[in-house]
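Undergrad: here is my input, please return the structure:
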Amino acid sequence: MESQRLGFNASVGLANDVTAYGYGLFGHSDGTSDFNWRNPDASGSVYKRVALFPGWDVRSIYPLGFSPQYGNEQDDLHLLGGLRGHFSDNLSWDLSASYSRNRIDYRLHNSINASLGPQSPTAFDLGRLTQEEKLVNANFNYTWGVAALAQPVNVGFGVEYRNERYGVRAGDLASYQVGPGAAFGLDPAANGAPGFSDRQAGRWDQDSYASYVDVEVPLSARLSIGAAARYEDYSEFGDSTTGKLSARYEVTPDFALRGSYSTGFRAPTPGQLNTSSTSQGLDTRTLLVFTSGRLSTSDPLALALGAQPLTPEKSNNLSLGLTFKSAMGLSGSIDLYRIKLRDRFSTSASFAVPAGMANPLRYTSVNYFTNDFDTTTEGIDVVASHLSRVADGRLNLTLAYNYNRTEVDGGRTSVAANATQRTIFEDRLPRQKATLSAVYERGAWSGMGRMRHYGAWTDSTGNATGDIFQRFGAMRFFDAALSYRVTSKQTLRFGVDNLFDKYPDEAVFQASRGLIYSRNAPYDTDGRNLYLDYTVKF
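TA: The predicted model follows:
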């Protein structure tokens with residue numbers, strides 16, 4: 001992987017106390033990765049000899065087998081510009097507009113479309129995905145003096161327009177074509193990653209309009225309460241209203257309690273609503289490649305299998321916490337939270353395509369997006385820091401700890417009813433994460449030491465059928481870095497992540513895929529990483 005990043009962040013004062021501001025970020029990356037090796041001695045449908053192509057099979061091109069090379073080239077752009085100022089001492093305003101675009105071109109080489117026989121290329125353009133977002137915001141803040149209150153009421157309000165566009169460009173015809181050899185059992189499409197077909201290509205838009213109001217009232221020097229409401233109307237599914245209530249009580253100047261309750265939602269994206277995709281995998285039991293299709297909810301085959309139009313996810317969120325600080329340099333916060341989510345997005349259970357139904361891409365199985373299940377997430381966040389003077393320098397110690405448990409409450413199909421899917425969802429991520437770091441600064445020098453802790457988690461094979469699970473224990477990594485401030489605006493930094501070159505247990509079921517460690521690990525599995533960083537501020 002090679003990547004380049006470029007960005008800016010700027011502001012300039014104009015007349016009448018108006019400030020113009022903006023920032024931009026651009027990134028470009030280009031990378032290639034190996035897929036699983038295709039064994040020339042296997043009896044699968046890649047190497048099959050058929051009468052349609054006499055004297056030819058894939059071994060004539062790849063006598064020692066082949067590992068498809070999957071690559072992508074990505075451009076990511078985000079630009080924002082705005083103006084902010086004051087109508088009066090009590091009323092401020094902020095107007096902004098932004099444009100974002102992410103574009104990924106996919107490619108595959110060292111592969112084959114076996115169903116095309118000797119006419120198949122060995123390299124393919126798989127197509128392009130594009131996501132664009134345009135936003136326009138107008139935000140206002142009013143400080144309202146009320147005679148009965150010692151401090152003014154803060155009122156925020158605003159409006160927003162948002163446009164999302166998702167696009168799919170088809171790949172080469174050969175990348176998704178079902179050639180004549182498919183009728184004789186040869187695999188269709190580019191082996192490893194079929195391209196986007198002309199049936200999947202298109203562009204889809206979604207508009208939304210929103211308005212909000214947010215009020216914070218200081219009832220006394222110690223107690224403040226807040227309330228907020230947001231209304232949003234989407235072109236694809238309708239409108240939604242959400243709200244929030246919050247309170248903060250200062251027991252002493254160094255100790256405060258806080259809490260909030262809110263509702264929320266997440267709208268389905270144009271991509272989730274409209275697009276289909278094709279993927280391939282290697283079953284670790286049969287060692288055969290399977291082809292899966294994720295259909296849009298409007299696809300005739302998906303409708304026949306029970307697909308319903310997507311609706312927004314909805315949530316109820318409750319949090320209670322405290323903040324503290326002391327004259328000894330210790331400060332921090334502790335927060336408990338509980339989040340209930342309804343109608344979460346997921347893919348349905350996988351279905352075999354019924355006999356007699358059109359299956360032009362020869363899917364082994366198909367599924368579709370659905371509002372599938374409900375969950376409850378409970379957890380605790382702890383953050384603490386201690387700042388002290390040590391030997392003419394400053395030592396900052398920081399602890400961050402999170403415990404997070406998610407349980408499936410029920411639902412319609414796959415996750416709630418399927419024990420395998422429930423296990424994957426509830427246990428695939430560590431429930432505990434912690435970071436303990438120390439930063440020491442003295443003069444132009446700065447040193448950092450850090451410990452990262454990840455709790456136990458469960459992995460699965462992702463087979464077409466018959467998943468195999470493996471439980472991985474807790475892992476701890478140590479990082480270190482040393483910085484030197486060359487000038488007030490230039491800094492040189494050398495660092496080492498995973499200082500002791502630690503690796504997790506090997507994934508016992510991944511050997512057939514040519515892997516040593518699980519590709520689903522929540523941490524990096526490439527061992528020690530060294531880096532050099534030179535930063536210049538203008």
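
Undergrad: now the element after the helix or strand hosting Gly379, going C-ward?
TA: Element membership for Gly379, per DSSP states H and E: strand 365-390. Once the chain leaves strand 365-390, the next helix or strand it forms, by DSSP H and E, is strand 393-411.

Undergrad: which elements pack onto that following strand?
TA: strand 330-347, strand 365-390, helix 414-417, helix 419-427, strand 432-442 (3 or more Cβ pairs under 8 Å, 6 or more residues apart in numbering; DSSP states H and E). C-beta here means a position set from N, CA and C on the backbone, and glycine is covered the same way.

Undergrad: what pairs with it, parallel or antiparallel?
TA: strand 365-390 (antiparallel), strand 432-442 (antiparallel) (DSSP bridges).

Undergrad: which parts of that strand are buried?
TA: Neighbour counts over strand 393-411 (16 or more other Cβ atoms under 10 Å) mark Leu395, Leu397, Thr398, Tyr401, Asn402, Tyr403, Asn404, Thr406, Val408, Gly411 as buried.

Undergrad: returning to that earlier point: least confident of the strands paired with strand 393-411, on average?
TA: Lowest mean pLDDT within the strands paired with strand 393-411: strand 365-390, at a mean of 91.

Undergrad: next, Gly271: secondary structure please.
TA: Three-state assignment for Gly271 (DSSP: H, G, I helix; E, B strand; the rest coil): helix.

Undergrad: is it in contact with Glu133, as I believe?
TA: No: using Cβ atoms under 8 Å, Gly271 is not in contact with Glu133; the gap is 11.9 Å.

Undergrad: and these two? Which one has more around it.
TA: Gly271 (19 against 15; other Cβ atoms under 10 Å).

Undergrad: ok, the more buried one - contacts?
TA: Going by Cβ atoms under 8 Å, 6 or more residues apart in numbering, Gly271 touches Gln131, Tyr166, Trp204.

Undergrad: between those residues, which has the most around it?
TA: Within those, neighbour counts (other Cβ under 10 Å) peak at Tyr166, which reaches 21 neighbours.

Undergrad: quick one: low-confidence ranges for this structure?
TA: 43-44, 281-289, 360-361, 411-418, 462-467, 511-514 (pLDDT under 70).

Undergrad: quick one: the helices in it, in order.
TA: 173-176, 270-274, 300-304, 414-417, 419-427 (DSSP state H).

Undergrad: can you give me the offset of the second one from its chain's centre?
TA: In this view, helix 270-274 has its centroid 16 Å away from the chain centroid, taken as Cα atoms, centre = their mean, to the nearest Å.

Undergrad: just to revisit the earlier point, how about the contacts of Gly271 in TSV, adding distance to Gly264?
TA: Shown next, in TSV, are the contacts of Gly271 (distance: Cβ to Cβ, whole Å):
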residue	distance to Gly264
Gln131	22
Tyr166	22
Trp204	24
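
Undergrad: quick one on the thing from earlier: nearest to Asp505, out of the helices and strands packed on strand 393-411?
TA: Closest to Asp505 of the helices and strands packed on strand 393-411, according to Cβ to Cβ: helix 419-427, at 15.9 Å.

Undergrad: the closest one packs against which elements?
TA: Counting contacts by 3+ Cβ pairs under 8 Å, 6+ apart, helix 419-427 packs against strand 393-411, helix 414-417, strand 457-460.

Undergrad: list the buried residues of that helix.
TA: For helix 419-427, by 16+ other Cβ under 10 Å, it's Gln421, Arg422, Thr423, Ile424, Phe425, Glu426, Asp427.

Undergrad: what's the closest of the residues you listed to Asn90?
TA: Closest to Asn90, out of all of the buried residues of helix 419-427 and judged by Cβ to Cβ, is Phe425, at 49.3 Å.

Undergrad: beta-bridge partners for the closest residue to Ala210 other than its chain neighbours, please?
TA: Leaving out its chain neighbours, the residue that sits closest to Ala210 by Cβ to Cβ, 6 or more residues apart in numbering is Glu232, at 4.1 Å. Here Glu232 sits in beta bridges with Ala210, Ser240, going by DSSP bridges.

Undergrad: list the residues that contact Glu232.
TA: With Cβ under 8 Å, 6+ apart, Glu232 has these contacts: Ser208, Tyr209, Ala210, Asp239, Ser240, Thr241, Thr242.

Undergrad: switch to 7 Å and redo it
TA: Shown in contact with Glu232 (Cβ atoms under 7 Å, 6 or more residues apart in numbering): Ser208, Ala210, Asp239, Ser240.

Undergrad: swap in Arg338?
TA: Leu318, Thr376, Glu378.

Undergrad: tell me what it is bridged to.
TA: Leu318, Glu378.

Undergrad: roughly how far apart are Asp335 and Ala123?
TA: Counting by Cβ to Cβ, to the nearest Å, the gap from Asp335 to Ala123 is 52 Å.

Undergrad: neighbour count: those two, which is higher?
TA: Taking neighbours as other Cβ under 10 Å, Asp335 and Ala123 compare with Asp335 leading, 18 against 15.

Undergrad: nearest residue to that one other than its sequence neighbours?
TA: Nearest residue to Asp335, sequence neighbours excluded (Cβ to Cβ, 6+ apart): Gly321, at 3.3 Å.

Undergrad: pretty sure that neighbour contacts Gly379?
TA: No: with contact defined as Cβ atoms under 7 Å, Gly321 does not count as touching Gly379 (11.7 Å).

Undergrad: and the contacts of Glu232 as JSON lines, adding distance to Ser175?
TA: Below are the contacts of Glu232 laid out as JSON lines (distance: Cβ to Cβ, whole Å):
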{"residue": "Ser208", "distance to Ser175": "34"}
{"residue": "Ala210", "distance to Ser175": "40"}
{"residue": "Asp239", "distance to Ser175": "41"}
{"residue": "Ser240", "distance to Ser175": "39"}
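
Undergrad: any of the residues you listed buried? List them.
TA: Ser208, Ala210, Ser240.

Undergrad: start to end distance for stretch 489-502?
TA: The first residue of stretch 489-502 is 35 Å away from its last residue (Cα to Cα, to the nearest Å).

Undergrad: how far does it sit from its chain's centre?
TA: Centre-to-centre, stretch 489-502 and its host chain are 26 Å apart (Cα atoms, centre = their mean).

Undergrad: and it, which residues are buried?
TA: Quick answer for stretch 489-502 (16+ other Cβ under 10 Å): Thr491, Arg493, Gly495, Val496, Asp497, Asn498, Leu499.

Undergrad: in JSON lines: those residues, plus distance to Leu77.
TA: Shown next, in JSON lines, are the buried residues of stretch 489-502 (distance: Cβ to Cβ, whole Å):
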{"residue": "Thr491", "distance to Leu77": "27"}
{"residue": "Arg493", "distance to Leu77": "27"}
{"residue": "Gly495", "distance to Leu77": "28"}
{"residue": "Val496", "distance to Leu77": "32"}
{"residue": "Asp497", "distance to Leu77": "28"}
{"residue": "Asn498", "distance to Leu77": "32"}
{"residue": "Leu499", "distance to Leu77": "36"}
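
Undergrad: now the two most distant members of these.
TA: Thr491 and Asn498 (22.8 Å).

Undergrad: now for the closest residue to Asp505 other than its chain neighbours: which residues touch it?
TA: Distance criterion Cβ to Cβ, 6+ apart; nearest residue to Asp505, sequence neighbours excluded, is Phe472 at 5.9 Å. Residues in contact with Phe472 (Cβ under 7 Å, 6+ apart) are Ala456, Trp457, Asp459, Pro504, Asp505.

Undergrad: can you give me the neighbour number for the first one?
TA: To tie it back to what came earlier, the one meant is Ala456. 13.
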